[in-house]
Structure formats: C-alpha cells, structure tokens
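Student: Quick check, what structure comes out for this input:
(one chain, ligands or ions: 1)
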Amino acid sequence: MKLPAEPRLSPVTPRRRLHVITWGCQMNVYDSGRMADVLAPLGYTAADGPADADMVILNTCHIREKAAEKVFSELGRLRLIKEERAAAGKSTILAVAGCVAQAEGAEITARAPYVDIVLGPQTYHRLPEMVARAHRAAGPVIETDFPVEQKFDFLPEQQAAPGALTAFLTVQEGCDKFCSFCVVPYTRGAEASRPAASVLAEARRLVANGARELTLLGQNVNAYHGEGTDGRDWGLARLIRALAEIPGLVRLRYTTSHPRDMEDDLIAAHGDVPALMPFLHLPVQSGSDRILAAMNRKHTADDYRRLIDRLRAHRPDLALSSDFIIGHPGETAVDFAATMRLIEDIGFAQAYSFKYSARPGTPAAGAPGVVPEGEKDNRLAELQALLRDQQTAFNAECTGRVIDVLVTHAGRRPGQLGGRSPYLQAIHFDGPMTLLGEVVPVKITHTSTNSLSAALIFTPSKQELAPA
Ligand code: SF4
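Tutor: Next comes the predicted model:
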C-alpha cells in the first residue's frame with residue numbers, strides 16, 4: 001500500500017512512522033489508504049515495517065474462516081515487536097481496525113490488552129482523536145459504534161499516489177440485505193452513500209494525478225443513492241454518467257453489486273456510456289431457488305437469468321463474473337445441480353467460489369442441514385472445474401480479435417508491457433514504455449485461463465496519443 005507523501009508539518013508537529021497491515025477486500029485497501037491520509041496531518045509517514053513504526057494498524061477482514069484466530073495470532077507477533085521497541089525506549093500505538101474489530105471489539109481488548117485502539121470501519125475519521133486519547137489513556141480506546149455522522153463527511157481527501165493509472169474510489173458503504181451467511185451488515189452497518197459532489201471532486205483529483213480508470217467501490221455499490229449536485233437523489237447510473245464526463249477518464253467499473261439493485265437506468269448505462277466497461281461482477285451465490293430463499297437473497301435463479309438477458313440486450317458483449325457459496329446449510333445434490341445448470345446457462349468469464357463456513361452471529365450459523373465437509377469439497381471441485389473451463393473458453397474466443405488494452409505497467413521481460421482488456425483480462429504484449437497510460441488496440445495471439453498474449457497492431461504517434 002502506498003502511503004501519502006511527506007506532509008507539510010508545522011514546526012511543532014513531531015515526525016512519526018505508520019505501518020498499516022491490510023487484509024481482505026478492496027474496500028479494506030481503500031480504507032487503509034484513508035486511515036493513512038487522516039493521520040498524515042499528525043506527522044505520520046510510511047514506515048518500512050512494524051519494527052520501525054510508532055503506530056501499527058492491523059486492518060482486518062471477517063469474511064474468511066477463523067478470521068478472529070488469525071487476528072490474535074498476528075497480534076501476538078506485533079506484541080513482541082511492541083515489547084522490543086519499549087525496551088529500546090520507543091512507544092508504539094497498536095490499533096486493530098476493520099470488520100473483526102467491529103465484531104470482536106470486547107474480545108480483542110480482553111485477550112490482547114496491549115492493543116491501544118480498536119476501531120470499526122465507520123469511525124476512521126475519528127482516528128486522530130483516538131490517537132490523542134491513546135496517548136493519555138491508561139486502557140484501550142474502543143470505537144465500534146455506527147456514528148450518526150457519516151465518516152465520508154469527515155475524512156480528508158484521498159491522497160492518490162501520483163502516477164497511479166487505475167484507482168479505487170469508495171462511493172457507498174454498508175449493507176441492508178442481511179444474507180444468511182454474511183457478517184457485513186453487522187460489521188459495516190446500514191447502506192450509506194457519499195454525496196455525488198464529493199465523489200466527483202475525488203475522481204477529478206485522481207484523474208489529475210494520472211488515473212485513467214476508476215473502479216467505484218461499495219459493499220452494495222449499485223444500492224448507491226446519494227445526494228446529487230442538483231440536490232436530488234442520484235442512483236449509481238446518474239453518478240456514472242457524471243463521472244464519464246471527466247476529461248481524461250477513459251474507463252469506469254463498479255463492484256460489488258446485488259442483483260436486486262440493478263435499476264433500469266443502470267442496465268441502460270451499460271449500453272450507452274462508452275466509458276463503462278463491459279464487465280460486471282454480479283454475485284448470484286446459488287442457482288437453487290430453495291437455497292436462494294434460505295440465503296435471504298430475495299430473488300430466484302430465473303430472476304437472475306432474466307436480468308442477465310436484459311443486460312446483454314443493452315451490451316451484447318458483457319462479460320460476467322460472480323460469487324458462489326457451496327454447501328450452504330440445507331443444500332442437497334438437487335440444489336447443487338441447479339447451481340451447475342445456472343452456470344451452464346449464463347457462461348461466466350470468471351468467478352469466485354467458496355465452501356460455506358459458518359460466521360458466528362449470522363442466521364445460517366445455527367441452521368440445520370449442515371453439509372458434510374467431504375461433500376462440500378466434491379461439489380466445489382466440480383463447480384470450479386466448470387468455471388475454469390468457461391474462463392478458458394472465454395479467453396480462447398478472443399484469439400485473433402483486436403481488443404483495446406489500457407496499458408498499466410511494464411511487463412516482466414524488458415520491452416514487455418501489461419494491461420487490462422475491457423473484460424478485465426490481463427494482457428501482455430511488446431511495446432514502448434511511452435504507451436503507459438494509453439488505450440491501444442492489440443491483436444490477441446495466445447490465450448490461457450488467466451491471461452492473454454497480444455501483438456501491437458501499430459505504435460501510435462505522439463499526436464495520436466495526445467489526450468482528447
Ligand atoms: S448483499 Fe453482500 S454484503 Fe450484503 S449481506 Fe449479502 S453478501 Fe453480505
């Protein structure tokens with residue numbers, strides 16, 4: 001993670017070092033950046049590692065199995081570092097942030113009393129005040145409420161790393177859906193959207209710093225309903241249309257979405273906003289109506305099929321990605337077969353699939369019909385084989401096609417460049433470094449399950465590379 005450049009300090013601001021350890025999703029990566037931003041005015045700049053840091057933040061994720069145990073194991077390691085620094089006369093503030101902090105705050109302070117700050121994802125903007133209190137306090141500072149004010153209103157502007165060609169931008173947080181298996185509504189709170197003016201200002205700044213592609217983030221990003229610049233309620237499509245007007249911004253994406261929140265104008269935007277890339281991550285989780293009901297997803301498998309048909313009517317080349325949970329309590333062989341059928345029907349360009357594992361406090365955790373681990377393993381292997389075949393086939397169909405690539409980095413070999421297709425495939429080809437940050441057409445020469453090789457059709461001249 002890139003931390004902000006050295007802030008301008010007043011003569012009395014002490015210099016301090018910060019190390020942030022980030023686990024989990026892109027939202028956490030973004031949040032870690034914002035925590036660093038919020039601490040920069042206090043004199044915090046990037047440390048080389050925890051041993052070099054006056055403050056260490058462990059930004060945690062609750063989505064995987066045994067999340068809390070992993071946190072305690074990492075805290076044990078950080079405790080030793082804190083003790084070594086104390087022996088050398090240096091103090092260290094140790095903070096635990098993120099979803100495990102939100103869910104297990106009391107447990108953390110009980111089992112790891114050397115932790116100074118525990119903060120939930122909704123309270124990052126209060127971090128400077130918490131640091132001040134930690135310096136004064138005899139015990140840990142805990143902030144895991146869902147404050148009435150929105151943290152978006154209090155966070156400073158994102159300090160984008162200069163030259164970053166792609167960037168994430170959080171526009172929405174939280175979730176009201178309460179899927180049976182998921183902790184997010186309990187750890188991130190209710191759905192909240194950022195005002196459009198603030199999103200647009202941040203986007204303009206990111207683009208001014210060099211970003212060509214922005215990915216809008218939210219736990220339920222397509223539930224976005226924020227205050228528009230005209231004072232009205234804007235949905236995600238309206239926000240995307242406004243962002244697409246920013247000169248120099250050539251690509252837009254958004255993730256993660258819920259099928260229930262795909263509003264008509266968002267579906268239409270896939271057909272009429274050229275900057276909106278033809279790739280959509282739209283989790284379905286299961287293809288069985290019985291299991292979808294047990295998961296509280298509030299849509300059927302056929303609702304999902306119809307939704308995809310409508311999206312493809314607007315954007316025929318739309319590539320799809322999804323999440324699947326295998327072995328939710330009550331899932332039978334018949335339910336699993338329905339999931340396989342749905343995958344066959346839709347055809348995914350890529351997907352993420354997981355075995356169900358119980359999250360304490362969620363409705364599914366105590367539900368009857370637990371699927372034996374061996375059965376889950378077999379079903380997951382079968383499902384992943386099908387998804388891998390689909391991904392391989394999707395990539396193979398690109399052979400011989402001319403595809404636009406946003407060039408984002410130098411490749412491993414000298415003279416090689418790397419980037420992404422509109423469908424989020426990784427592409428490598430030989431070309432000059434002057435193409436970094438440009439969208440150039442390439443011809444696909446070879447494909448594998450995970451990436452594409454290509455050849456430049458022509459090297460654009462300087463005039464052709466001039467920004468529109
Ligand atoms: S919609 Fe997504 S974030 Fe919300 S509860 Fe369901 S799985 Fe969790």
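Student: C-alpha from now on. contacts and neighbour counts both.
Tutor: Fine.
Student: What residues does the stretch 151-300 of the chain have near the ligand?
Tutor: 175, 177-179, 182, 184-185, 219, 258 (C-alpha under 6 Å from any ligand atom).
Student: most neighbours, which of those?
Tutor: Neighbour counts for those (other C-alpha atoms under 10 Å) peak at residue 219, which has 25 neighbours.
Student: What separation do you get for residue 106 and residue 59?
Tutor: 17 Å (C-alpha to C-alpha, to the nearest Å).
Student: Not counting residues beside it along the chain, what's closest to residue 121?
Tutor: Counting by C-alpha to C-alpha, 6 or more residues apart in numbering, residue 121 lies nearest to residue 98, which is 5.1 Å off, once chain neighbours are set aside.
Student: and the one you found, how many neighbours?
Tutor: Neighbours around residue 98, by other C-alpha under 10 Å: 30.
Student: just residue 117 next, same as before
Tutor: 26.
Student: Likewise for the one 4 residues further on?
Tutor: Counted by other C-alpha under 10 Å, the residues lying close to residue 121 total 27.
Student: now residue 128
Tutor: Neighbours around residue 128, by other C-alpha under 10 Å: 16.
Student: Make sure residue 45 is indeed in a helix.
Tutor: No - Residue 45 sits outside any helix when classified using DSSP: H, G, I helix; E, B strand; the rest coil, being strand.
Student: any idea how far residue 272 is from it?
Tutor: 43 Å.
Student: cool, residue 250 as well?
Tutor: 14 Å.
Student: of the two, who's got more company?
Tutor: For residue 250 versus residue 272, neighbours defined as other C-alpha under 10 Å are more numerous around residue 250 (20 against 13).
Student: For the residue nearest to residue 121, give the beta-bridge partners.
Tutor: residue 60 (DSSP bridges).
Student: Now do the same contact list for the residue lying closest to residue 275 once chain neighbours are set aside.
Tutor: Of all residues not flanking residue 275 in the chain, residue 251 sits nearest, at 4.7 Å (C-alpha to C-alpha, 6+ apart). Residue 251 sits next to 212-214, 244, 275-277 when contact means C-alpha atoms under 8 Å, 6 or more residues apart in numbering.
Student: Which of the residues you listed fall in helices?
Tutor: Secondary structure assignment by DSSP state H places none of these in helices.
Student: thinking again about what came up before, look at the residue nearest to residue 121 and report its pLDDT.
Tutor: What the model reports for residue 98 is a pLDDT of 89.
Student: what's the answer for residue 450, then?
Tutor: Residue 450 is given a pLDDT of 92.
Student: residue contacts, it?
Tutor: Contacts of residue 450 by C-alpha under 8 Å, 6+ apart are 391-392, 425-426.
Student: What does it show for phi and psi?
Tutor: Backbone torsions of residue 450, given as degrees, to the nearest 10, read phi -110, psi -10.
Student: So what's the residue count around residue 423?
Tutor: Residue 423 - counted by other C-alpha under 10 Å - has 21 other residues nearby.
Student: right, and the secondary structure at it would be what?
Tutor: Residue 423 is classified as coil under three-state DSSP.
Student: Now do it, the pLDDT please.
Tutor: pLDDT, read off for residue 423, is 97.
Student: So it versus the ligand, what's the distance?
Tutor: Distance check for residue 423 against the ligand: by C-alpha to the nearest ligand atom, to the nearest Å, it reads 22 Å.
Student: ok, back up a step: using a markdown table, please lay out the contacts of residue 251 together with pLDDT.
Tutor: Shown next, in a markdown table, are these (pLDDT from 0 to 100):
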| residue | pLDDT |
| --- | --- |
| 212 | 97 |
| 213 | 97 |
| 214 | 97 |
| 244 | 98 |
| 275 | 98 |
| 276 | 98 |
| 277 | 98 |
